[in-house]
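Novice: Need coordinates for the below:
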Amino acid sequence: MSEAKTIRRLDTTVVNLIAAGEIIQRPANALKEIIENSLDAGSSIIQVTVKQGGLKLLQIQDNGSGIKKEDLEIVCERFTTSKLQTFEDLKSIATYGFRGEALASISHVAHVTITTRTSQSKCAYRANYCDGKLKTNVKPCAGNQGTQISVEDLFYNVATRRKMLKSPNEEHALITDVVSRYAIHNAGVAFVLKKYGDSTADVRTPVNSTQVDNIRTIFGSSIAKELINVMGEDKKLGVHFTGQVTSANYSVKKLIFLLFINNRLVESSALRKSIEAVYSAYLPKNSHPFVYISLEISPQNVDVNVHPTKHEVHFLHEDLVIERVQKTLEAKLLGSNSSRLFYTQSLLPGSQAKVSDIITTEKKQQKPEDKVYAHQMIRTDNRVQKLDAFFPQSSTSNKHQNESSRDESSGGSVVDDDRTMMTELIDNDDTAGVLSAGTDSVRQSPATEIVMEGADSGLIKAKASKKRSYQETEDIETPVDIQANDGDKPQRQIRLSSVLLLQKEIKDHCHNGLREILHDHTFVGCVNRERALIQHQTKLYLVNTAKLSQELFYHIMMFEFGKFGVLRLSESAPIYDLALMEIEAKGCDSWSWAGLRQQADISKEEMASSVVDLLKSKSEMLWDYFSIEIDQDGHLCSLPLLLDKYIPDLTYLPDYLVQLATQVNWDNEKECFDSLCKVTSQFYAIKKNWDIKDSLESESDQNWKWVTEHVLYPAIRQTLLPSAKSAQDASVLQIANLTDLYKVFERC
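Specialist: Reported below is the predicted structural model:
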């Protein structure tokens, strides 16, 4: 048998180190003990300074009542306290500390310096401690009322504990968590936490703040705006509790649980589990809330002396108290669940649903005070990713994209991009103006020389190859020189009653819901020449660019009536030849012109001459109001410049001239201006692209994409007042909704 070992009394130093190891496990524990002492002293401002995660320096300064000079000799000895005298006092303890072990334990594993001054003292006093005893005599010094405790070289004599600690950054994060929790619970006290040597604070809360304001300052507005005030009381159990919890619209990956029982920061696994059980019915799987609860329980029902660090407490009727809190919280969440609004609109690509129906439904459901939640938000930085990134691009297109991005990021003008784009057209013989479009007939015409004249640049020449119109018709060259304003045409204000009435009709028929979508949209990319994708808030829309551009140019002509720039042809184009070209392709019977109805056997040449004669007779009005210049020889000399950096497809110029003569009511002023603007807007509008495959493979394809994104849609955003008709004719179709996608992913 082995011999019995002798029981010995441990050395005092060993006893103190063991006790210190139980109470002070890491810098955050030491900070918690000292903060509680500052709060017991009635402090209104507590400032914490940390160096290397509290291992090198942990300094806490307050403006509380201070420590008397005669008490400084024993303040760091074990079981010395001003808060407890007899064991019976534990039954009604109302302070944080009561054992008198905190400072003693800290002084056994660190170097402690205390500087303090009471309101009755004429000066402050400083004392240094080691192993619970004074190292030197107490010395007078300068200082403000309150106490400053400096803890240096924590665990300098416990190498094993120091090695087991986390990195300084992780220890600092734990310290920040402790300060944040006490700052929220003690909203009337100002807390400041910063690293040694830093001018900015990691935590800063003002004096006499509120719990909600401190939560917003520390955890952010996303939590603060979703907070629900919780309050309950049970007189039979002697329990009163208050708190702030997030609604069912907010969730995080890890539970944020702040629990104070009789103002003590503690943990309760049973209460934590019950709260998570309540939220499990409202939040997605693996999602958790933010919960702050303060329980006030009769002191005689609480046993605070169950853990060395006072990390846990026991209280009577624990199950009943937890059940009471759980029911109150569940009732609050059930009442707030009505704020979870989901606007569902199941649309498939190509669906003919009306935008007006979608918008009207949303307006009825939405209230002015409704909040925008995280699941209703999406990043809308259109410089990050475009639809074009998912298609093969040529070197030319990459160059356009890079230059556009550079201009957007620098905030500069897009004029340089425009010049680059036009210069690159020089070697491209497949481009019609800036945009090319296909028609039912195969059009071909010779190259047209375009000369852009900028304010600070020379002439930039480019060949815009025009497809030959219709059959083997003689080529007609129409070089163009763009001028912002013509010197012979002064600007003036147009106050014609017919124009003002047409402008009023546009404003009256504007669809506000669709206007909001187009005004605040983010451009996603081009599907083809006719359609594009845009985003508004959390919805993705398929937009008919052709229809919207036609309506855009009509509005520009109405609201800029008589003030157009000039798109001048450097060599005038014969109207007779262009009209004859169109008539031979379409035939005389395809046009209903009142002046020709009496001549059933009129020839094509005579009809072309009639077109010239009519337009020549209206040349003065066309030039004065619309910048369309026609000389005495029947040649077209200029067109209106409706949109800067935009040139219409001159392939359709013959069609446009014939429609001016046949589709415009020249007898009534209002109908004349209305029909003329509509015909012109049709000519300027984007044309439908029939051969999408060929256009995607061509290098010139990037030119119309550039114009669509950087010229047309910015103008649509700023100028267009879409009519109710546009909201009903599938011009704008919703094809995706972020809220619906969230539901799909949650089910997955």
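
Novice: Give me the pLDDT for residue 516.
Specialist: On pLDDT, residue 516 comes in at 89.

Novice: For it, list the residues it contacts.
Specialist: residue 536 (CB atoms under 8 Å, 6 or more residues apart in numbering). For glycine as for every other residue, the C-beta is placed from the backbone atoms N, C-alpha and C.

Novice: Tell me the helix or strand right after the helix or strand encompassing it.
Specialist: Assigned by DSSP states H and E, residue 516 falls within helix 512-519. Remark: after helix 512-519, the chain's next helix or strand is strand 522-526, criterion DSSP H and E.

Novice: how big is the angle separating the very next helix or strand once past that following strand from strand 522-526?
Specialist: Once strand 522-526 ends, the next helix or strand along the chain (criterion: DSSP H and E) is strand 531-536. Going by axes from the mean of the first three to the mean of the last three CA atoms, to 10 degrees, strand 531-536 is angled at 160 degrees with respect to strand 522-526.

Novice: Sheet-wise, list the partners of the helix or strand just after strand 531-536 with their directions.
Specialist: For strand 531-536, the succeeding helix or strand toward the C-terminus, using DSSP H and E, is strand 539-544. As defined by DSSP bridges, the strand partners of strand 539-544 come to strand 531-536 (antiparallel), strand 732-737 (antiparallel).

Novice: For this protein, which element, helix or strand, carries the lowest mean pLDDT?
Specialist: One helix or strand of the chain scores below all others by mean pLDDT, DSSP states H and E: strand 459-465, with a mean of 32.

Novice: any idea which of the strands paired with strand 539-544 scores lowest on pLDDT?
Specialist: strand 732-737 (a mean of 84).

Novice: Where does pLDDT dip in the stretch 551-700 of the chain?
Specialist: By pLDDT under 70, the low-scoring segments of the stretch 551-700 of the chain are 587-601, 689-700.

Novice: what about 80?
Specialist: 570, 586-602, 688-700 (pLDDT under 80).

Novice: Kindly report the same for the chain.
Specialist: Using pLDDT under 80, the chain drops low at 1-24, 78-102, 299-316, 335-495, 570, 586-602, 688-704, 727-728, 738-748.

Novice: tell me, which strand in it spans the most residues?
Specialist: Across the chain, the longest stretch assigned as strand under DSSP state E is strand 565-574.

Novice: For the helix or strand following it, which helices and strands make contact with it?
Specialist: Downstream of strand 565-574, the first helix or strand assigned by DSSP H and E is helix 575-586. Other elements packing on helix 575-586 under the criterion 3 or more CB pairs under 8 Å, 6 or more residues apart in numbering; DSSP states H and E are helix 604-617, strand 635-641, helix 653-662.

Novice: how much does helix 575-586 deviate in direction from helix 653-662?
Specialist: Going by the same axes, to 10 degrees, helix 575-586 makes 100 degrees with helix 653-662.

Novice: Name the residues that touch stretch 316-334?
Specialist: 228, 230-232, 234, 237, 239, 241, 245, 247-248, 268, 270-271, 274-275, 277-279, 282, 293, 295, 297, 301-302, 315.

Novice: same check, this time on stretch 145-153
Specialist: Contact with stretch 145-153 is made by 30, 34, 37-38, 41, 43, 54-67, 103, 106, 110-119, as judged by CB under 8 Å, 6+ apart.

Novice: Could you list the buried residues of that stretch?
Specialist: 145-151 (16 or more other CB atoms under 10 Å).
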